[in-house]
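what's the 3D shape of this:
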Amino acid sequence: LSYGGIMSNSYLSNNRCKVMSSRNVNISWDGDCSPCNLDVNLALKGGNLLMSRDIKEITSSISWHKVRSLITQKKSICASCFDANNYTKNKFYYAF
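Numbers count the residues shown, from 1 in each chain. You can find the predicted model right below:
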């Protein structure tokens, strides 16, 4: 689930996903919603804003809770995600 494919980086740790603590709702151009801002292909689609009355309806839906459950359990595409992990302490990461 990386922008350029799966990357290995020794500065990243396998801690809890940062996405879960931020309560994101990311909306694509066609109204599809995902709780993960790294899910650029919307594999974790939890609803569509154009088909719903409002965001609250989406975030309280069964499908939204199923998607969030996949994230917390690190299943589906979340199992191989390096991007959302926390950086290890006392290390710097430089992107060149």
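
the helices in this protein, which residues?
Counting by DSSP state H, the chain has helices at residues 55-59, 62-72.

and the first one, what does it pack onto?
Think helix 55-59. Packing partners of helix 55-59 (3 or more C-beta pairs under 8 Å, 6 or more residues apart in numbering; DSSP states H and E): strand 47-48. For glycine as for every other residue, the C-beta is placed from the backbone atoms N, C-alpha and C.

And for the strand it packs on, what's in contact with it?
30, 31, 32, 33, 57, 58, 61, 63, 64 (C-beta atoms under 8 Å, 6 or more residues apart in numbering).

Count the neighbours of the last one for me.
Think residue 64. 21 (other C-beta atoms under 10 Å).

which stretch in the helices of the chain has the least confidence?
Comparing mean pLDDT across those, the weakest is helix 62-72, with a mean of 87.

by contact count, what packs against it?
Using 3+ C-beta pairs under 8 Å, 6+ apart, no helix or strand is in contact with helix 62-72.

Now do residue 59 against residue 46, distance only.
8 Å (C-beta to C-beta, to the nearest Å).

contacting residues around the closest residue to residue 59 other than its chain neighbours?
Excluding the flanking residues, the one nearest residue 59 by C-beta to C-beta, 6 or more residues apart in numbering is residue 25, at 6.5 Å. Shown in contact with residue 25 (C-beta under 8 Å, 6+ apart): 33, 34, 35, 55, 58, 59.

Output stretch 41-60 in PDB with nothing but the alpha carbons.
Presented in PDB, the C-alpha positions along stretch 41-60 are these (Å, rounded to 0.1, in the frame of the first residue of the first chain):
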ATOM      1  CA  ASN A  41      -7.000   3.000  -4.800                       C
ATOM      2  CA  LEU A  42      -9.900   3.000  -2.300                       C
ATOM      3  CA  ALA A  43      -9.500  -0.700  -1.500                       C
ATOM      4  CA  LEU A  44     -10.900   0.100   1.900                       C
ATOM      5  CA  LYS A  45     -14.000   1.900   0.600                       C
ATOM      6  CA  GLY A  46     -16.600   2.300   3.400                       C
ATOM      7  CA  GLY A  47     -19.300   4.200   1.500                       C
ATOM      8  CA  ASN A  48     -20.100   6.900  -1.000                       C
ATOM      9  CA  LEU A  49     -21.000  10.400  -0.100                       C
ATOM     10  CA  LEU A  50     -23.000  10.900  -3.300                       C
ATOM     11  CA  MET A  51     -25.200   7.900  -2.400                       C
ATOM     12  CA  SER A  52     -25.700   9.000   1.300                       C
ATOM     13  CA  ARG A  53     -27.300  12.000   3.000                       C
ATOM     14  CA  ASP A  54     -24.200  13.000   4.900                       C
ATOM     15  CA  ILE A  55     -20.800  11.900   6.300                       C
ATOM     16  CA  LYS A  56     -22.400  10.900   9.600                       C
ATOM     17  CA  GLU A  57     -24.600   8.300   7.800                       C
ATOM     18  CA  ILE A  58     -21.400   6.800   6.200                       C
ATOM     19  CA  THR A  59     -19.400   6.700   9.400                       C
ATOM     20  CA  SER A  60     -22.100   5.000  11.400                       C
END
